[in-house]
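In: Give the three-dimensional model of this entry:
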Amino acid sequence: MVDVVRLADDGEWTSARVEARLGEAADVMRRLPPVRVQGYFNTWPAIAHEFSDRVGQEPTRMRRPPPSPDAITRAEATLLWLRWLELDDARLVWMRVDRARWRAICQQFGIARSTANRRYDYALTVIVWRLERRPVPKSWSQRFLSARARSLEDAS
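Out: Numbers count the residues shown, from 1 in each chain. Next comes the predicted model:
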């Protein structure tokens, strides 16, 4: 199994770095080829369009190339970080890094935007603390832990 922390870049973990890695993982997941059912295939030949057929049509959308194996490995290791969070917090974080709007997130969870943002910051803080191999104290409140992590990031 891949060590989650070893795939980290050298340096100190911050909420911004964790958010960037989660965003990269979401981007990798979007670029993977779609899952298809095995055993079905198309025997029809590709249609060769003439110029007159293409007049007035929209050009086909360009797709980004599939991700590199290193990017897939980093994304797999990054997705393991979500196991450290509560289920709702992990879903909230994934929706946000997958470019969901705050409004959709708030409707999904039935919470206000400030609450969603606070839970998102707390979840990133928990991931940062776990990556730095610090225990997350259960007796600390979410706000206190987030404030403490921000003060430690500002001090360094």
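In: which residues touch the longest helix along the chain?
Out: Ranked by residue count under DSSP state H, the longest helix found in the chain is helix 113-131. Applying CB atoms under 8 Å, 6 or more residues apart in numbering, the contact partners of helix 113-131 are 4-5, 8, 13-15, 18-19, 81, 84-85, 88-90, 92-93, 96, 102-103, 105-106, 109, 111, 135-136, 142-143, 145-146, 149. C-beta here means a position set from N, CA and C on the backbone, and glycine is covered the same way.
In: PyMOL command for the buried members of those residues?
Out: The buried subset of these, as determined by 16 or more other CB atoms under 10 Å, is captured in PyMOL by this line:
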select buried, resi 4+8+13+14+15+18+19+81+84+85+89+90+92+93+96+105+106+109+111+145+146+149
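In: Okay, and which of the contacts of helix 113-131 map to helices?
Out: Counting by DSSP H, the contacts of helix 113-131 place 15, 18-19, 88-90, 92-93, 96, 102-103, 105-106, 109, 142-143, 145-146, 149 in helices.
In: and the gap between the residue of the chain most remote from its centre and Ser146?
Out: No residue in the chain has its C-alpha farther from the mean C-alpha position than Ser52, which lies at 43.6 Å (CA atoms, centre = their mean). Between Ser52 and Ser146 the distance is 62 Å, computed by CB to CB, to the nearest Å.
In: ok, now Ile47?
Out: On the measure of CB to CB, Ile47 and Ser146 end up 57 Å apart.
In: just to revisit the earlier point, list the buried residues of the longest helix of the chain.
Out: Buried residues in helix 113-131, counted by 16+ other CB under 10 Å: 116-117, 119-131.
In: Now that helix - C-alpha only, CSV.
Out: Once side chains and other backbone atoms are set aside, the C-alpha atoms of helix 113-131 remain, and they are given as CSV (Å, rounded to 0.1, in the frame of the first residue of the first chain):
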residue,chain,number,x,y,z
ARG,A,113,-22.8,29.1,3.6
SER,A,114,-20.8,30.3,6.7
THR,A,115,-21.3,26.9,8.3
ALA,A,116,-20.3,25.1,5.1
ASN,A,117,-17.1,27.2,4.9
ARG,A,118,-16.3,26.6,8.5
ARG,A,119,-16.7,22.8,8.1
TYR,A,120,-14.6,23.0,5.0
ASP,A,121,-11.8,24.8,6.8
TYR,A,122,-12.0,22.4,9.7
ALA,A,123,-11.8,19.4,7.4
LEU,A,124,-8.7,20.8,5.7
THR,A,125,-7.1,21.5,9.1
VAL,A,126,-7.7,17.9,10.2
ILE,A,127,-6.0,16.6,7.0
VAL,A,128,-3.1,19.0,7.6
TRP,A,129,-2.7,17.8,11.2
ARG,A,130,-2.9,14.2,10.2
LEU,A,131,-0.3,14.7,7.5
